[in-house]
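Enquirer: here's a sequence, model it:
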Amino acid sequence: MDKQIVISIKTIILFLLTLLGLFVIYRLGPIIGILLLSTLLVISMEQPVRYFMRGFLFNKRISRGLAVLISYSLFVLIILGVLTFVVPPLITELQKMIVSIPYMLQNVKIPQEWQSSVPNMIPDTSKISTGVINATFSIFSNFATFLSVLVISIYMSLDWENIKKGFISLFPKNNEDIVQETIEDIEKNVGAWIKGQLLLMLVIGVASFIGLSILGVRYSVGLGLLSGIFEAIPNVGPVLSAIVAGLIGFTDSPIKGIGVVSLFVIIQQLENNLLVPKIMGKVSGFRPLVILLALLVGANFFGIIGAVCAVPVTMIASTILKKFFGTNN
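Expert: Numbering: from 1, shown residues only. Got it, this is the predicted structure:
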């Protein structure tokens, strides 16, 4: 028996509006990414802002506006310091390392039929090196995006308390308290995670540089910086930095390669058993599979911005789920 399907005009309009909304979100992806980055920066800077607000200046408690100014000024100084003293030597070391890969491969015993192709890798390697440098400068020279995120974050930080009150007011009265607690937990967890992650990056980078220098491994400065930066990629980053350093060590001698691998195993064990419990505490991270999936999804949908935001966004989602549903990450 045939059934007649009736679709009302209201349903059609609702469907078209939904499609229009999805299209707008898709087209505004970069702007949404900037707003997301700005919000994450605001949440991350909330603890330093509150810290300075507890201080006094000329026998008067520091206002929120001045605390925001001090916090973001220190943040900008740190960024400028990294761009000035860390990025140039890292680029130089990486360029030397990539260009010298064919020559290092010549010292490795490879099958006879592969040896003829080793010299042909030199032009391609040079192109790769140039591409890496150009991409790096392109990323770090995009001051328009950085300034947009910075300015939006400053304005949001100045009015953050009112923004939170307005957001909380959107919920029913009986849920306002739990929403307020959730926001406070998010600020605390994300802030603690970022501070701990930065400290881990510094410790791992310095330890890798010192260890590689003692072993006499080439490009120890670049490899140390690379290890510190890769530490920002949970679980995967340390493995990648160990592989790169190990390959360079083995091109010199098997003993040096074994020493490099042993060095990174020791650093990883100290990190997992000593540094992470002490530094990260209860925000030590998620299961490796969760982190990997978050990074893949974030990078696929929003590129570099998505990869940067993946772990904090996952942490925020986990905090919300735990608060409202009592789930575990």
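
Enquirer: and after the helix or strand hosting residue 151, which helix or strand comes next?
Expert: The secondary structure element spanning residue 151 is helix 143-158 (assigned by DSSP states H and E). Past helix 143-158, further along toward the C-terminus, the next helix or strand under DSSP H and E is helix 160-168.

Enquirer: now the element after that next one, going C-ward?
Expert: With elements assigned by DSSP H and E, the helix or strand that comes after helix 160-168 is helix 176-215.

Enquirer: what helices or strands is that following helix leaning on?
Expert: For helix 176-215, the contact count by 3 or more CB pairs under 8 Å, 6 or more residues apart in numbering; DSSP states H and E identifies helix 29-53, helix 160-168, helix 220-230, helix 236-252, helix 254-270, helix 276-279, helix 288-325 as packing neighbours. (Each C-beta comes from the backbone N, C-alpha and C, glycine too.)

Enquirer: next, the angle from the first one to helix 160-168.
Expert: For helix 29-53 and helix 160-168, the angle between their directions (axes from the mean of the first three to the mean of the last three CA atoms, to 10 degrees) works out to 120 degrees.

Enquirer: the helix holding residue 151 - contacts with which helices or strands?
Expert: Secondary-structure packing of helix 143-158 (3+ CB pairs under 8 Å, 6+ apart): helix 29-53, helix 64-85.

Enquirer: average pLDDT across the strand or helix carrying residue 23?
Expert: Secondary structure assignment for residue 23, by DSSP H and E: helix 9-27. Mean pLDDT, computed over helix 9-27, is 78.

Enquirer: could you do stretch 88-103 as well?
Expert: For stretch 88-103, the mean confidence score works out to 67.

Enquirer: with stretch 300-312 instead?
Expert: Along stretch 300-312, the predicted confidence averages to a pLDDT of 70.

Enquirer: same thing with stretch 239-254?
Expert: Computed over stretch 239-254, the mean pLDDT rounds to 82.

Enquirer: contacts for it next, please.
Expert: Residues from elsewhere that reach stretch 239-254 (CB atoms under 8 Å, 6 or more residues apart in numbering): 97, 104-105, 107-108, 208, 212, 215-219, 223, 226-227, 230-231, 233, 256-261, 263-265, 268.

Enquirer: ok, residue 10 to residue 22 distance?
Expert: When distance is defined by CB to CB, to the nearest Å, residue 10 is 19 Å away from residue 22.

Enquirer: could you list the low-confidence segments of the stretch 201-329 of the chain?
Expert: Scanning the stretch 201-329 of the chain for pLDDT under 70 picks out 234-235, 277-289, 301-308, 326-329.

Enquirer: try it again with 50
Expert: Low-confidence segments of the stretch 201-329 of the chain (pLDDT under 50): 327-329.

Enquirer: could you do the stretch 51-200 of the chain as well?
Expert: Using pLDDT under 50 as the threshold, the predicted model of the stretch 51-200 of the chain has low-confidence ranges 114-119, 121-129, 132-133, 135, 140-141.

Enquirer: how does it look with 90?
Expert: Along the stretch 51-200 of the chain, the model assigns pLDDT under 90 to residues 51, 54-62, 75, 78-150, 161, 163-200.

Enquirer: ok but residue 232 is inside a strand, no?
Expert: No - assessed with DSSP: H, G, I helix; E, B strand; the rest coil, residue 232 is coil; it does not lie in a strand.

Enquirer: burial of it, as a residue count?
Expert: Applying the criterion other CB atoms under 10 Å, we find 14 residues in the vicinity of residue 232.

Enquirer: count residues in the vicinity of the closest residue to residue 314 other than its chain neighbours, would you?
Expert: Here the nearest residue to residue 314 in space, its sequence neighbours aside, is residue 294; by CB to CB, 6 or more residues apart in numbering that works out to 4.4 Å. By other CB under 10 Å, the residues close to residue 294 number 22.

Enquirer: residue contacts, residue 294?
Expert: If you count contacts by CB under 8 Å, 6+ apart, residue 294 has them with 286, 310, 311, 313, 314.

Enquirer: the last one touches residue 290, doesn't it?
Expert: In this case it means residue 314. Yes - counting by CB atoms under 8 Å, residue 314 does reach residue 290; the two are 6.7 Å apart.

Enquirer: who has more neighbours, the two?
Expert: When neighbours are counted by other CB under 10 Å, residue 314 and residue 290 differ, and residue 314 comes out ahead with 20 against 16.

Enquirer: could you measure from that one over to residue 214?
Expert: In this structure, residue 314 lies at 37 Å from residue 214, with CB to CB as the measure.
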